[in-house]
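> Got a predicted model here, sequence first, then my questions.
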Amino acid sequence: MLKPLQDHVVIQPIVQEEKTSSGIYLPDTAHKDKPQTGRVIAIGSGKLMDNGTRVASELNVGDEVVFAKYAGSEVSLDGVDYIIMKETDVLAVLEAKAPAKAPVKAAAKPAATKASAKKRK
């Protein structure tokens, strides 16, 4: 396995299968752009600052991330493609979607009667 040094991370790119509106799946070879999302596989020990302290990574192994389009170096190990890049090339962490909650309906107001309308005046 790859163990990155300092503030580098190892990311396994996620290639999205694309489906046309008519339901036809496009193969990987039809993709024109490089993938920009991936899963963090390994994290280095962190960035070494000028004063000698080490700043730990904000990423965790297993995070799904968005990274710069042409960031890092591509490496293939045991037939699996990886990208080794600096942590600063990671742009965002994709958070898991929370299950949607059912909308809460407001309680219906009782219909105003003529008597209650006269009291308000």
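Ah, there it is.

> Name all residues that make contact with Ala68.
Taking C-beta atoms under 8 Å, 6 or more residues apart in numbering as the definition of contact, the neighbours of Ala68 are Gln36, Met85, Asp89, Leu91. Every C-beta, even on glycine, is put in place using the N, C-alpha and C of the backbone.

> Most neighbours of all those, which one?
Met85 (22 neighbours; other C-beta atoms under 10 Å).

> And the helices in the protein?
In the chain, the helices defined using DSSP state H lie at 114-120.

> among the helices and strands of it, which has the poorest mean pLDDT?
Taking mean pLDDT, DSSP states H and E as the measure, helix 114-120 is the helix or strand of the chain with the lowest mean score, a mean of 58.

> which ones are touching the residue lying closest to His8 once chain neighbours are set aside?
Leaving aside its sequence neighbours, His8 sits nearest to Gly44 (C-beta to C-beta, 6 or more residues apart in numbering; 4.7 Å). With contact taken as C-beta under 8 Å, 6+ apart, Gly44 is in contact with Lys3, Pro4, Leu5, Gln6, Asp7, His8, Val9, Ser57, Glu87.

> Then Glu64?
Ile14, Thr37, Gly38, Arg39, Val40, Val93, Leu94.

> Wait, Gln36 touches Tyr70, no?
No. With the criterion set as C-beta atoms under 8 Å, Gln36 and Tyr70 do not qualify as a contacting pair; they are 9.7 Å apart.
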